[in-house]
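Participant: 3D model of this:
(one chain, ligands or ions: 1)
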Amino acid sequence: MKQLLLFFALLISNSQIHSQENLPTDYLSKEFHKGRREAFRSLMPTNSVAVIFSYPERVFSKDINYNFHQNPDMYYLSGYKEPDAVLFVFKEAQGTEKYNEILFVREKNASREMWTGRRLGVDGGKSKLGITTVYNGKDFKDFAIDLKKFDKIIYDKIPTDIGNDKSGFDLYGLLETFKTKAGITNEDKTSIDLFTNITNSLREIKTPEEMDLMRKTVKLSCIAHNEVMKAVGPDMSENEADGIHAYIHRHYGAEGEGYPPIVGAGANGCILHYGENNSTKIDNQLLLMDVGSEYHGYSADVTRTIPANGKFTEEQKAIYQLVYEAQEEVFKICKPGTPIQNLTQKSKEVVAEGLIKLGIITDPKDVRIYYPHGCSHFLGLDVHDKGNYMGNLKENMILTVEPGIYIPANSKCDKKWWNIGVRIEDDIAITKDSYENLSVESPRKWQDVEKLATQKSTFNEMKFPKI
Ligand SMILES: [Mn+2]
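Facilitator: Numbering: from 1, shown residues only. Prediction:
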């Protein structure tokens, strides 16, 4: 009997080890995060400390929270993915132990972990994240550190709309302790600006590890777009198209989406951040899909606009082609040294000229009526990633190129154009002297889109009971 128990005990412990081994192996390594802390530290002024908090948890429904999403700066600098934590990065080594970083984490708690999931705890923080100085959040209050002695405390905007579990060491408690220890009564704008400048300058340039994850997230998002192009038909709902994207993202190991998907047909495609995705029939309209996966923290951001019945009408095609040409013209100036602002400017010029030719506007300034957003943003851990938008393109930046034209009903133009909304969005990496289109796998030319739409998808074969 004793032997039998031992056998089961081993079986259990083996299976635990095994499940650890089965975790994805292509997450960012602890060496990556350590390197990012070192890069951050190198940009800090003398006698300073940087303080980075986890994001707050948010209520979805009564006692149920939304899936937690970590503050990308916290993840970038530590790899820690849990709430109620704070990271300190010191310019100079501190104390007799000569530590230059501290992470305060959520304490291990078997009964809480049974309800809400595993916690790394202090030991995990040390072994899995490679941070040498890790404590439980509850130890922050009595931790002997004089924050007032630093010439500069570097921190991001302090959130005010967060819950308080009255423990004193949830995020609310950690922030209160921080403000007390640092003597902060009002946020110091220069501290926030410095934090922003440092994180912008680091995160706008992708390391090789980040580049690998970006390639993967964009590629699998393109596969999803292509599958929907094949599967879609007039009888499909927006939500169902959205669901195909979601399924394929997860099939390839993505955690989910980098932002709420925008899947809008016809008039809904003219709503820039349409998120209801609940039109039950796409019919013979254009379907605008702005959907990108989040893969190990990194977001893709790809938009394709497709005719639900597989054929563009003349008007749809004219608008689509104009957006395509604007994108092509922007690609030509995507290389190191180009001011980032020029991308939007160039795309607006092309769209304005085309809309005048089509008789939709007469004054080029009116381009903003139908193309009201910018052409490009950085992409990475945040879908609208950090970076210096007033700077120039540099090697290893990743940005979107996403011109669009949206003509809602009752616009002041011939009504044959009404309810056409088109955006084409690709994700590009800036190379040494040019750019690489990471989303090249999903077709953009109208002829290629129509061609792919004639193919059948696995999803067309799926049959479910009627209810
Ligand atoms: Mn975008």
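
Participant: Which parts of the stretch 251-400 of the chain are helices?
Facilitator: 314-332, 341-357, 367-370 (DSSP state H, counting those that start in this stretch).

Participant: just the angle between the second one and helix 314-332, please?
Facilitator: Using axes from the mean of the first three to the mean of the last three CA atoms, to 10 degrees, the interaxial angle of helix 341-357 with respect to helix 314-332 works out to 150 degrees.

Participant: could you say what helices and strands helix 341-357 packs with?
Facilitator: helix 314-332, helix 367-370, strand 398-401 (3 or more CB pairs under 8 Å, 6 or more residues apart in numbering; DSSP states H and E). Every C-beta, even on glycine, is put in place using the N, C-alpha and C of the backbone.

Participant: any chance of the ones you listed in a markdown table, plus mean neighbour count?
Facilitator: Listed next are the helices and strands packed on helix 341-357 as a markdown table, based on neighbours: other CB atoms under 10 Å:
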| stretch | mean neighbour count |
| --- | --- |
| helix 314-332 | 19 |
| helix 367-370 | 19 |
| strand 398-401 | 26 |
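
Participant: Point out where the protein drops to low pLDDT.
Facilitator: For the chain, the stretches flagged by pLDDT under 70 are 1-23.

Participant: Show me what from it comes close to the ion.
Facilitator: 301, 400 (CB under 5 Å from the ion).

Participant: can you list the domains in the chain?
Facilitator: 24-203, 208-461 (automatic domain parsing).

Participant: Including distance to Ile467, could the ones you listed go into CSV?
Facilitator: Shown next, in CSV, are these (distance: least, CB to CB, whole Å):
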stretch, distance to Ile467
domain 24-203, 24
domain 208-461, 14
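
Participant: tell me the most buried of those?
Facilitator: domain 208-461 (a mean of 19; mean count of other CB atoms under 10 Å).

Participant: wait, Cys413 sits on Ile356?
Facilitator: No: taking contacts as CB atoms under 8 Å, Cys413 lies outside contact range of Ile356: 11.4 Å.

Participant: rewinding a little: let me have the helices of the stretch 251-400 of the chain in CSV, extended by distance to Lys219.
Facilitator: Rendered in CSV, the data for those read as follows (distance: least, CB to CB, whole Å):
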stretch, distance to Lys219
helix 314-332, 19
helix 341-357, 23
helix 367-370, 31
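
Participant: quick one: Tyr406 from Gly269, how far?
Facilitator: 7 Å (CB to CB, to the nearest Å).

Participant: Can you give me the end-to-end span of stretch 254-267?
Facilitator: By CA to CA, to the nearest Å, the extent of stretch 254-267 from end to end equals 30 Å.

Participant: ah, wrong one, I meant stretch 24-38
Facilitator: Start-to-end, stretch 24-38 (CA to CA) is 26 Å.

Participant: do stretch 197-216 as well
Facilitator: End-to-end for stretch 197-216, by CA to CA: 28 Å.

Participant: just the CA coordinates of whichever strand in the chain runs longest, formatted as PDB?
Facilitator: The residue-count maximum for a strand in the chain (DSSP state E) belongs to strand 86-94. Extracted in PDB, the C-alpha atoms of strand 86-94 (Å, rounded to 0.1, in the frame of the first residue of the first chain):
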ATOM      1  CA  VAL A  86       5.000  47.300  -7.900                       C
ATOM      2  CA  LEU A  87       8.500  47.300  -9.400                       C
ATOM      3  CA  PHE A  88      11.400  49.700  -8.400                       C
ATOM      4  CA  VAL A  89      14.400  50.200 -10.600                       C
ATOM      5  CA  PHE A  90      17.200  52.100  -9.000                       C
ATOM      6  CA  LYS A  91      19.900  54.000 -10.900                       C
ATOM      7  CA  GLU A  92      22.500  53.200  -8.200                       C
ATOM      8  CA  ALA A  93      22.800  50.100  -6.100                       C
ATOM      9  CA  GLN A  94      21.000  50.500  -2.700                       C
END
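
Participant: Spatially nearest residue to Lys394, not counting backbone neighbours?
Facilitator: Pro336 (5.6 Å; CB to CB, 6 or more residues apart in numbering).

Participant: who touches that neighbour in this structure?
Facilitator: Residues near Pro336 by CB atoms under 8 Å, 6 or more residues apart in numbering: 392-395, 430, 432-433.

Participant: Next: His33.
Facilitator: Taking CB under 8 Å, 6+ apart, one finds 76-79, 129-130 in contact with His33.

Participant: Let's see the distance spanning stretch 368-383 from one end to the other.
Facilitator: Stretch 368-383 end-to-end distance (CA to CA) = 23 Å.

Participant: Which residue would be the closest one in the stretch 351-467 of the chain to the ion?
Facilitator: Proximity to the ion, evaluated over the stretch 351-467 of the chain using CB to the ion, is greatest for Thr400 at 4.4 Å.

Participant: Bridged to that residue, which residues?
Facilitator: Beta bridges link Thr400 to Asp427, judged by DSSP bridges.

Participant: hang on, the earlier thing: columns distance to Gln447 on top of the helices and strands packed on helix 341-357, output as a markdown table?
Facilitator: Output for these, formatted as a markdown table (distance: least, CB to CB, whole Å):
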| stretch | distance to Gln447 |
| --- | --- |
| helix 314-332 | 10 |
| helix 367-370 | 24 |
| strand 398-401 | 20 |
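
Participant: which helix of this protein spans the most residues?
Facilitator: helix 208-231 (DSSP state H).

Participant: From Leu399, how far off is the nearest residue to Arg368 once chain neighbours are set aside?
Facilitator: Leaving out its chain neighbours, the residue that sits closest to Arg368 by CB to CB, 6+ apart is Lys348, at 7.7 Å. Distance, Lys348 to Leu399, by CB to CB: 17 Å.

Participant: ok, now which ones touch Ser411?
Facilitator: Taking CB under 8 Å, 6+ apart, one finds 369-370, 417-418 in contact with Ser411.

Participant: residues touching Pro339, list them.
Facilitator: By CB under 8 Å, 6+ apart, the contact list for Pro339 reads 391-393.

Participant: Now render these as TSV, adding distance to Leu120.
Facilitator: TSV is the format used below for those (distance: CB to CB, whole Å):
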residue	distance to Leu120
Gly391	36
Asn392	40
Leu393	38
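
Participant: nearest to Lys219, of those residues?
Facilitator: Leu393 (22.4 Å; CB to CB).

Participant: For the closest one, give me its contacts.
Facilitator: 334-340, 399, 430.

Participant: The residues you listed in strands, which ones?
Facilitator: 399, 430.

Participant: which one among the contacts of Leu393 gets closest to Ser439?
Facilitator: Closest to Ser439, out of all of the contacts of Leu393 and judged by CB to CB, is Leu399, at 11.8 Å.

Participant: And the closest residue in space to the closest one that isn't next to it in sequence, how far from Arg106?
Facilitator: Nearest non-adjacent residue to Leu399, counting by CB to CB, 6+ apart: Ser376, 4.8 Å away. Separation of Ser376 from Arg106 (CB to CB): 38 Å.
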